[in-house]
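[1] Here is the input, now give the coordinates:
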Amino acid sequence: MSATAMKHGDFTGLAGDYVRFRPGYSESVLTALLSLIGKPIGQIDVVDVGAGTGIWTAMLAARGCRSVVAVEPNEDMREQGAEVNRAARIEWRNGSGEQTGLAAQSADLLSMASSFHWVDFDRGTREFARVLRPGGRFVALWNPRLLEANPLLAETEAHLRVLCPELKRVSSGRSGITEKITELLVAHPDFNDVVYLEGRHIREQTVEEYIGTWRSVNDVQFQLGPKKFAEFLEYVRKRLRDVPTVQTTYLTRAWTAMRR
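    Model (predicted):
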């Protein structure tokens, strides 16, 4: 897909960079989430909605859950995910947060990893409540960079505002819906027992791998446009040219609520 044809929220053409360069999530947060289900892992049926290329989905499958279903509306992302996770026991399906196509009360855990900000909150949570069994849990999680841990990365990201002062991130995992999701879930008639979890983990990349992570980001590319986005990547490449590796601290942030 050409950069000029890019649409907001459409990851067609980005899946290759997404699957190669996006980091995983905190294993400790995953352990804590699974412990809240109240069942042995081998008896837990999980659904990952907006699964992308299956980064979080594969982590769930690796824990030995009874069944793992990945629901993803974008064909490019879905195909890349199925290919890279061929050895994992994951069922891939076309669907969205508002319309998963799944049977009622078929899941103990339904997650959205770095994707819940694309879903209509009311329609999505109604659908999730339908798919979850009573006592099951919905989880929304993100994996933003903790820029405070690396001033050099904070400096490079600040250059985005130079190129596009009106830039507005849909969600960086520390903005957008994450600012109000606790209150929204607490007030929801279908959910209770809202829990927040977070965990830090560090990933070391080459400069080109770090740039590849940026190439997988839709909202920045869409708002900057192809010319300014290319300028941003060139700025990052030059600014980090003397850095042997880029050490990035990620902050996995997860909100989970129980189906009444």
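
[2] So Gly64: helix, strand or coil?
    coil (DSSP: H, G, I helix; E, B strand; the rest coil).

[3] ok, now the one 5 residues further on?
    Assigned state for Val69: strand (three-state reduction, three-state DSSP).

[4] how much space between it and Ile177?
    Taking Cβ to Cβ, to the nearest Å as the measure, Val69 falls 24 Å from Ile177. C-beta coordinates here come from the backbone N, C-alpha and C atoms, glycine included.

[5] So for those two, which residue has more residues nearby?
    More crowded of Val69 and Ile177, by other Cβ atoms under 10 Å: Val69, with 24 against 18.

[6] my guess is that one contacts Arg89, does it?
    No. In this structure, Val69 is not within contact of Arg89 by Cβ atoms under 8 Å, at 10.5 Å.

[7] And the contacts of stretch 228-238?
    3, 156, 159-160, 163-164, 207, 210-211, 214-215, 220-221, 224 (Cβ atoms under 8 Å, 6 or more residues apart in numbering).

[8] Dump those to CSV, plus pLDDT, secondary structure and distance to Lys238.
    Shown next, in CSV, are those (pLDDT from 0 to 100; DSSP: H, G, I helix; E, B strand; the rest coil; distance: Cβ to Cβ, whole Å):
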residue, pLDDT, secondary structure, distance to Lys238
Ala3, 39, helix, 21
Thr156, 90, helix, 10
His159, 96, helix, 11
Leu160, 94, helix, 15
Leu163, 96, helix, 14
Cys164, 96, coil, 19
Val207, 94, helix, 10
Tyr210, 92, helix, 13
Ile211, 92, helix, 11
Trp214, 90, helix, 14
Arg215, 87, helix, 17
Val220, 87, helix, 18
Gln221, 86, helix, 19
Leu224, 94, helix, 17
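
[9] so which of those would you say is closest to Ser96?
    Gln221 (21.6 Å; Cβ to Cβ).

[10] Skipping its backbone neighbours, what lies nearest that closest one in space?
    Phe229 (5.0 Å; Cβ to Cβ, 6 or more residues apart in numbering).
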